[in-house]
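Engineer: compute the structure for the input listed below.
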Amino acid sequence: MLEQYGIIYFGNDWFAENRTSSHHVAVRLAATLPVLYVDSPGMRAPNASGRDLRRAWRKFTEALRAPRRVDANLWHCTVPQLPFRRIPGVGLFNRLFSQWALRRAMRVLGGRQRISWFVTPHPGFLARRLGETFCVYYCIDDYAAHPGVDAEVIAASDLALTRKADMVFVAPPALLAGKKAINPHTHFSPHGVDAKLFAQASHPATVVPPMARGLTHPVVGYFGSIHAWIDVELIAWLARARPQWTFLLVGYAAIKLPELAGLPNVVLAGAQPYASLPAWAKAFDVAIIPYRRNRQVENANPLKLREYLATGKPIVAVGNPEIARFASVVRIADGREDFLAGLEQAIAAGPDHGAAERMAAVADQTWDRRVENVLGEVAASIAAADMTLADRRVSG
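Structural biologist: Okay, here's the model as predicted:
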């Protein structure tokens, strides 16, 4: 049914330090259909930091190039936008420039019919402007709640795209009812996991990275980017409360960490290749999800939750509606003291206690299955629309 289609996919930065659901879904879509992956600009305005300036320069230079072939069925291109969206004329410039640049880039899809696929809302002004047959909004977060974004502009973009899309998929359960009230063609599609990859954390042959060898156990571990929604003060409090434990944090730090930098039992490993995360997790005695309690976290569907579960390691987490769905295999903490108590219980039981149950909880929730189900819904919707159109032609 979908063989004649190609996908114009608006995702997160392809070169981002961490692999998000945006990347996982795109790669698996490309196993079935040609995909043009379009780097979406950040939702916040860039600052004068060296990282932001390097990123802006990279995006500008990449925008001048033809789409780069990433895999047999997957191309990547960059279409930057001016970030100052409230300035008069910026919106029109972004739309016209993006349409011009994408018309060139879309040649890689040949003469196929097109599906536009948005993982972020702010390029949504291009929906219905690219000659596409079908439009998908794959909403994975409460974007307007992200720190540093223009919440009013992002919320308006999210609302407009929810209304325009032929089909909406929602990963966070807390957002499902609201989206469905706006667009009845809304479906729940929680994150998947590369269960086979993360199961390597329990394989005897998996080698722990050098930085994680020889650490004093127990090791309390975390992997993922460290952003403003991570409760750094909680981690620091735990590390001071248990100086005999090691706290191993693996991931790019998007914020300054003065609370942790001076603590001798905290190891900041920095950003690491995605494929190496199971090897790092092998060093964990327990994994943590130390979120702050705010609107963004309340509406989040944490990718690392399923990845941790697939490693088999015990987990202590600050709760939200999605994490609560796994309460039988995750220790959900309410406050600092409860978090510490959960860690002590997990450490006392040992990392292997309950490992099989945790791995089984996500064994059938792979990215391959998620994308197969999503494509099935899209194909059914397109077929129904084609049938309706054919019926109208006959009756007319």
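Engineer: now do the helices in the stretch 51-200 of the chain.
Structural biologist: Assigned by DSSP state H, counting those that start in this stretch, the stretch 51-200 of the chain shows helices spanning 90-105, 151-164, 173-182, 195-198.
Engineer: got the contact list for the host helix or strand of Leu309?
Structural biologist: In this structure, Leu309 sits in helix 303-311 according to DSSP states H and E. Contacts with helix 303-311, where a contact means Cβ atoms under 8 Å, 6 or more residues apart in numbering, come from 20-21, 191-195, 197-199, 201-202, 223-224, 277-278, 281-282, 284, 287, 289, 315, 317, 322-323, 326, 329-330, 358-359, 361-363, 365. C-beta coordinates here come from the backbone N, C-alpha and C atoms, glycine included.
Engineer: from those, which would you call buried?
Structural biologist: 20-21, 191-195, 198-199, 201-202, 223-224, 277-278, 281-282, 284, 287, 289, 315, 317, 322-323, 326, 329-330, 358-359, 361-362, 365 (16 or more other Cβ atoms under 10 Å).
Engineer: out of these, which sit inside helices?
Structural biologist: Mapping the buried ones among the contacts of helix 303-311 onto helices (DSSP state H) picks out 21, 195, 198, 277-278, 281, 322-323, 358-359, 361-362.
Engineer: save the residues you listed as JSON lines, and put in pLDDT too.
Structural biologist: Shown next, in JSON lines, are these (pLDDT from 0 to 100):
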{"residue": "Ser21", "pLDDT": "91"}
{"residue": "Ala195", "pLDDT": "97"}
{"residue": "Phe198", "pLDDT": "98"}
{"residue": "Leu277", "pLDDT": "97"}
{"residue": "Pro278", "pLDDT": "98"}
{"residue": "Ala281", "pLDDT": "98"}
{"residue": "Glu322", "pLDDT": "93"}
{"residue": "Ile323", "pLDDT": "96"}
{"residue": "Arg358", "pLDDT": "98"}
{"residue": "Met359", "pLDDT": "98"}
{"residue": "Ala361", "pLDDT": "98"}
{"residue": "Val362", "pLDDT": "97"}
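Engineer: and which of these is nearest Asp150?
Structural biologist: Distance to Asp150 across those (Cβ to Cβ) is lowest for Ser21, with 23.3 Å.
Engineer: what's the most distant pair in the ones in helices among the buried ones among the contacts of helix 303-311?
Structural biologist: The widest separation within those (Cβ to Cβ) is 22.0 Å, between Pro278 and Glu322.
Engineer: let me know how buried Asp364 is, in neighbour terms.
Structural biologist: When neighbours are defined as other Cβ atoms under 10 Å, Asp364 has 9 of them.
Engineer: scratch that, Asn94
Structural biologist: Asn94 has 22 neighbours, counted by other Cβ under 10 Å.
Engineer: now do Gly270
Structural biologist: Using other Cβ under 10 Å, Gly270 has 12 other residues around it.
Engineer: wait, it touches Gly251, no?
Structural biologist: Yes: applying Cβ atoms under 8 Å as the test, Gly270 and Gly251 come out as touching, 7.5 Å apart.
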